[in-house]
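Trainee: fold the following.
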Amino acid sequence: MFERFGGPDVLQWKEVELPEPGNGQVLLRHEAIGVNYIDIYHRTGTFAAPLSLPSGLGIEGAGIIEAVGADVSGLSVGDRVAYVGGPPGAYSTSRLLPAARVVKIPDAVRSDIAAALIFKGLTAEYLITRCYSVKAGDTVLFHAVAGGVGQIACQWLSHIGANVIGTVSTEDKARIAKENGCHHVINYSQESFVERVREITGGKGADVVYDSVGQDTFMGSLDCVKVRGTLVSFGAASGPAPALDVSLLGAKGSIFLTRPSIAHYTAVRKELEAGAAAVFDKIEKGIIRTDNISRYSLKEAAQAHMDLESRKTSGALILIPE
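Mentor: Numbers count the residues shown, from 1 in each chain. The predicted structure is shown next:
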């Protein structure tokens, strides 16, 4: 838990008593917990709106239902489930959460894989099928393509038949990107990604650009979008994107700009279930996978955050309760 916004040092281990689940709730014993950049945004106060301090942290996990409250249907004690969203509080051995956020895990998918991939998989699903519906032959620029979401999205995009351009910060991450199906890898620490994208696309630009980096890349991303193309800004790893005069979207080529949130793309139960079904189907078929899971004990959450913020990691990070 944390009582004030700040660095990883604000995280504190606390023992709390959990009541019985109330109406519409389940009690879940965690087997694995996903660590995501949005957790850092919550901890630092970048995205503070849904939080009331003191607060728990984490919005993704997988485990076993140990108790079910009233007015819950379709779920039973002993079910193995995963979830994304709801009140932050995944960094815990057990927790109460709304049953509406829970989806059953297929027998063929391990709990640690579900915890590592459900948030990132659902993010990739809405980014590349609903924010912009990527088709075979589309050219896509995806920033931070060696990151957790980037790797899953790259695998999914490559399966669709898109022409994938990705940016990375190191040669090691360039190797990871290529292993996950990225066709053109740009090391932005060594060359201009704007110039390289223009070169790859013959000056046309990408059909869609996915930018989770924010401040360092946003304006360059605008220059990489084709006329009447789409820019999807879905993160701020380097800081918030700069303020934008909307007339610039016209000057750059009548560009469409969206700033999506997974909360809005999974708020409707049917959409959450459909998205999760698509993710689990692609996991079972081997279309999306995680070849690199960094595991930390739950009490090492602060260290996991430090490693994620310093970009020492690639792929998925999970916490394992002791």
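Trainee: tell me, what residue is most central in the protein?
Mentor: Lys120 (3.8 Å; CA atoms, centre = their mean).
Trainee: surely that residue meets Cys154?
Mentor: No: between Lys120 and Cys154 there is no contact under CB atoms under 8 Å: 11.4 Å. From N, CA and C alone the C-beta is placed, and that goes for glycine too.
Trainee: show me what the helix or strand where the residue nearest to the centre of the chain lies packs onto, helices and strands only.
Mentor: Following DSSP states H and E, the helix or strand that holds Lys120 is helix 111-126. Here helix 111-126 touches strand 25-35, strand 60-68, strand 80-84, helix 148-160, helix 262-265, helix 269-284, strand 293-297, strand 316-320, going by 3 or more CB pairs under 8 Å, 6 or more residues apart in numbering; DSSP states H and E.
Trainee: make it 7 Å
Mentor: strand 25-35, strand 60-68, strand 80-84, helix 148-160, helix 262-265, helix 269-284, strand 316-320 (3 or more CB pairs under 7 Å, 6 or more residues apart in numbering; DSSP states H and E).
Trainee: can you put those in JSON lines and add distance to Ser247 and mean pLDDT?
Mentor: Below are those laid out as JSON lines (distance: least, CB to CB, whole Å; pLDDT from 0 to 100):
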{"stretch": "strand 25-35", "distance to Ser247": "39", "mean pLDDT": "97"}
{"stretch": "strand 60-68", "distance to Ser247": "38", "mean pLDDT": "97"}
{"stretch": "strand 80-84", "distance to Ser247": "36", "mean pLDDT": "96"}
{"stretch": "helix 148-160", "distance to Ser247": "30", "mean pLDDT": "95"}
{"stretch": "helix 262-265", "distance to Ser247": "26", "mean pLDDT": "92"}
{"stretch": "helix 269-284", "distance to Ser247": "33", "mean pLDDT": "96"}
{"stretch": "strand 316-320", "distance to Ser247": "40", "mean pLDDT": "93"}
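Trainee: redo these as TSV? Include mean neighbour count and distance to Gln215.
Mentor: Shown next, in TSV, are those (neighbours: other CB atoms under 10 Å; distance: least, CB to CB, whole Å):
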stretch	mean neighbour count	distance to Gln215
strand 25-35	24	22
strand 60-68	22	25
strand 80-84	25	26
helix 148-160	25	18
helix 262-265	16	21
helix 269-284	17	29
strand 316-320	23	23
